Structures are given as structure tokens and as C-alpha cells.
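Colleague: I'll drop the sequence and a predicted model, then ask my questions.
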Amino acid sequence: MSRWLSGRFVPVALCLFLLATCSVAHAASFTYTGNATYGPDNNNNGACTAGLGGGDSSNWDDARNWGPPCAAAGVPGPDDDATINNGDTVVLGRDRSLTNFTLGSGTLIGGNTLSVSGTFTWTGGTIGDGTASVPTINVAAGAGQLNISGNADKVLNNGVLSNAGTGTWSGGGNIDVENSAAINNSGTFTVQTDASIV
């Protein structure tokens, strides 16, 4: 026993113990579905099925508005990816962190900050609604990337977009900046389009 607990055997035993007893968080990809949400279908071995979640269609913090995975997985967190692409208005009710975020259509509102450590892909939709409740999207330094692309116009309506990473703007869509909105860049930002900030 003393030999097993001494020298080089201890790290091996410790690693085996940790692997056997510790759970590991796995990243997931969430899509905002609003009241067309996914939920566990008890008639189909618990598979995620559209229309069973009963979400309120506007609250980021309501797990029933996200799917798949099902509502039981909660809302997207720091290790996860999230996509809003269904035209809904989504209220960011508190500060949140993600690995990757895609906004393709719809509107993100709420006076809080969404921090993205990986890539924020903006192909359409609106950040902010012109009120005093100003949402902020922060793209992190280092591995953070801002990818503005596609032919749809994007609207920044009293919202704030801050890029500390590597930014690229391509495609034919303009960026419409309204009501004291701001784009802050402390990283790099490459423009590969003839589109305009209007």
C-alpha cells in the first residue's frame, strides 16, 4: 500500500479517481424558438419535440424558449453557442456569457451585457430598441471574433457593440446606427465591403 501511495503512482491514482467521480461540462448549441419551443416528448423516449415547451416568446432567461436541447438543459451559458434567427424580440434580463453567438433576425433588447468569448456572427436583426434600456454585446480580446456578413441590413438602435478581438465586415448589408448607438473597437476591424454605416 505504501508503495502505491508514494512516488509516481499517486498522480496516476488521482487521475483515475477524478475521471471516475467528476462530471465534465459539455458545450451545447441552443436556438431561440420562443413559444414554438422544444420539450421532452414522453411518447417518444423523451426526444426533444417542437411545440411542447410553452415558452413566453420573449424572455432569454426562460429555458422553455430555447431548444434543442430541451428546456431541462436550461439557458445557454459560458460554454455554449446560441442563435437568434426567428424574428422574435428577446429580452436579455441579466448579464450573460456565451462562447459563440449568432444574430440573424429579430431584436435583442434589455439593459444588460452579452459577453462573447468566441465568435459573434451578425447577419441581420437589431440590437436595441431605441429606449434607455441599452443592450451591450462585448466580443472578447484574444480568441474573440466579430463577423458581420450577409446582404441583410443590420440595425444598432441605441445598443452598444464593443469589439476587443478580430473583426471583419463583409457582404452587402448596411449597418444602421440609430439613437446614440455606439460601435467601440479596441481590437482589429477589417472592412471587406462597399456597404455603409448609415
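Modeller: Thanks, I have it.
Colleague: residues near T126, how many?
Modeller: 22 (other Cβ atoms under 10 Å). Backbone N, C-alpha and C define where each C-beta goes, glycine included.
Colleague: Use 20 as the first number from now on
Modeller: Sounds good: first residue 20 from here, last item T145.
Colleague: pLDDT score for it?
Modeller: For T145, the model assigns a pLDDT of 97.
Colleague: so it sits right up against G125, yeah?
Modeller: Yes. Between T145 and G125 there is a contact at 7.4 Å, judged by Cβ atoms under 8 Å.
Colleague: if I look at the spatially most central residue of the chain, how far off is G163?
Modeller: Nearest residue to the geometric centre of the chain (Cα atoms, centre = their mean): F120, 3.3 Å. Remark: distance between F120 and G163 (Cβ to Cβ, to the nearest Å) = 11 Å.
Colleague: Need the overlap of contacts for the two.
Modeller: V135, T138, F139 (Cβ atoms under 8 Å, 6 or more residues apart in numbering).
Colleague: Top of these by number of neighbours, please.
Modeller: Ranked by neighbours (other Cβ under 10 Å), those are led by F139, which has 26 neighbours.
Colleague: Quick check: beta-bridge partners of that residue?
Modeller: F120, L165 (DSSP bridges).
Colleague: quick one: contacts for it?
Modeller: F139 neighbours (Cβ under 8 Å, 6+ apart): N119, F120, T121, L122, I156, V158, G163, Q164, L165, N166.
Colleague: what about N119, neighbour count?
Modeller: 19.
Colleague: Surely it and G137 touch.
Modeller: Yes. In this structure N119 lies within contact range of G137 using Cβ under 8 Å: 4.4 Å.
Colleague: What are the boundaries of the helices in the chain?
Modeller: Secondary structure of the chain (DSSP state H): helices located at 28-40.
Colleague: re the thing from before, so the residue nearest to the centre of the chain is in contact with V135, correct?
Modeller: Yes. The criterion here is Cβ under 8 Å, and F120 meets it with V135 at 5.0 Å.
Colleague: what do those two both touch?
Modeller: Contacts common to F120 and V135, judged by Cβ under 8 Å, 6+ apart, are I156.
Colleague: By mean pLDDT, point me to the weakest helix or strand of this structure.
Modeller: helix 28-40 (a mean of 39; mean pLDDT, DSSP states H and E).
Colleague: okay, and the common contacts of N119 and G137?
Modeller: D100.
Colleague: What are the neighbouring residues in contact with G192?
Modeller: Counted by Cβ under 8 Å, 6+ apart, G192 has contacts T142, G143, G169, N170, A171, D172, K173, A214.
Colleague: I am finished for the moment; much appreciated.
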